[in-house]
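Student: Fold the following, please.
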Amino acid sequence: MANLRKAMLQENVFTPKGEKLMHVLQIQVSEGNEDYCLCLTVTRDEEVQITFLKILPNGLKEKYMTQAVWFLEDLTVVDGRDATADNPYLDLHFQTVCSWEASSTAAKYAFVRSLRKMNKVYLQKDIQFLNFDSDFIQEMSFFGVPEDTMMVIQLCLQAFNCFCLLGSL
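Tutor: Residues are numbered from 1 along each chain as shown. From the prediction side, this is the model:
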């Protein structure tokens, strides 16, 4: 479903503007049957944007409404709120602080890795990443294995280590 949504967003929202959609983060909002997402895109001028979209069901199609757009160059801090807990919360500091709840912790970390990668490729700006487990926001592309798979493997290894430690007590 995520790949289908990304393809639909690329075709209907970003291709007409000449932008390339790099990542989509599903946002949790407790309002009706509307969906929200943060989209990370690259413009024709190679500027990186973060777009907040509202997605409304419209029969067999979806209707997309842009709620806000920020440039990555205006982002100063990305705050995961608590590196020691499994939480989907994320604060992005532009001129104001925008708080979000991702669909999952894994989705939050995948989005943050995309932000870091886009910053490295297009800006090389000093953005602070606070309250994240650094093991999970580093690039993890070994042998073409998807980053989310590597993160799950790391989590399983950590859980196994904890289990072994508890068993030896």
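Student: Quick check: phi and psi on residue 115?
Tutor: phi -60, psi -50 (degrees, to the nearest 10).
Student: Is there a neighbour count for residue 38? I'd like the number.
Tutor: Residues within reach of residue 38, counting by other C-beta atoms under 10 Å, total 23. From N, CA and C alone the C-beta is placed, and that goes for glycine too.
Student: Kindly report the same for residue 86.
Tutor: 9.
Student: Excluding covalently adjacent residues, which one is nearest to it?
Tutor: residue 105 (5.1 Å; C-beta to C-beta, 6 or more residues apart in numbering).
Student: so what's the one you found up against?
Tutor: 86, 87, 88 (C-beta atoms under 8 Å, 6 or more residues apart in numbering).
Student: so what pLDDT did it get?
Tutor: We have a pLDDT of 92 for residue 105.
Student: distance of it from residue 54?
Tutor: Distance, residue 105 to residue 54, by C-beta to C-beta, to the nearest Å: 23 Å.
Student: What sits closest to residue 39 if chain neighbours are left out?
Tutor: Nearest residue to residue 39, sequence neighbours excluded (C-beta to C-beta, 6+ apart): residue 51, at 4.5 Å.
Student: sec struct for the one you found, please.
Tutor: strand (DSSP: H, G, I helix; E, B strand; the rest coil).
Student: what separates it from residue 69, distance-wise?
Tutor: From residue 51 across to residue 69, the span is 5 Å (C-beta to C-beta).
Student: now swap in residue 161 and tell me
Tutor: 43 Å.
Student: just residue 99 next, same as before
Tutor: In terms of C-beta to C-beta, residue 99 sits 17 Å off from residue 69.
Student: Run through the bridge partners of residue 63.
Tutor: Beta-bridge pairing for residue 63 (DSSP bridges): residue 56.
Student: Would you confirm that it contacts residue 53?
Tutor: No. Taking C-beta atoms under 8 Å as the definition, residue 63 is not a contact partner of residue 53, at 10.3 Å.
Student: Compare neighbour counts for these two and give me the winner.
Tutor: A direct count of neighbours by other C-beta under 10 Å for residue 63 and residue 53 places residue 53 higher, at 20 against 12.
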